[in-house]
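**Q** kindly generate the corresponding structure for this input.
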Amino acid sequence: MPKAIPFEKKFKVENEVIDHFDHVNNIAYIQWVLGISKDHWVSFSPEKVRNQFGWMILKHEVYYRKQAKLNDELVIKTWIDDFSTATSVRKTSITDAATKKLIFESEAQWCFINLKTQKPTRLTSDILKPYFESL
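**A** Here you go, the predicted structure:
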């Protein structure tokens, strides 16, 4: 498997994602994963490709390791871990920026689709190349 080029962002936990337990609500983690996945796609793929193709999630496994709280500085990082003819496996981690401790991780299987037909379509090396050091 070629070496993936990860994509990451740093952010601060805001009040609107804090739940009644005084930590980040589980839904916020899913929204962050979906957001960084989209940002990765937009940053690494040309507009011409994005106008023709997209991704639908098939399966998502999440692991809550520690709790994040208001004002914590977090780093979210995502990368394509594996791929096949029309699917990819995307991993995402969220760590505490100060302690480097793992807060959350996920693994999701995505299906590459043609936006016009809404059907799975073949992942070509041209589509995948920007996500890996060598392909």
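**Q** other residues contacting stretch 125-135?
**A** 2-5, 40, 44-45, 49, 53, 79-80, 83, 112 (C-beta atoms under 8 Å, 6 or more residues apart in numbering). In short, each C-beta sits where N, CA and C put it, glycine included.
**Q** buried ones in that stretch?
**A** 127, 128, 131, 132 (16 or more other C-beta atoms under 10 Å).
**Q** relative to residue 82, how far out is the last one?
**A** It refers to residue 132. 11 Å (C-beta to C-beta, to the nearest Å).
**Q** swap in residue 109?
**A** 9 Å.
**Q** same deal with residue 37?
**A** According to C-beta to C-beta, residue 37 and residue 82 sit 15 Å apart.
**Q** which one's more surrounded, the two?
**A** residue 37 (20 against 13; other C-beta atoms under 10 Å).
**Q** in what helix or strand does residue 108 lie?
**A** Element membership for residue 108, per DSSP states H and E: strand 102-114.
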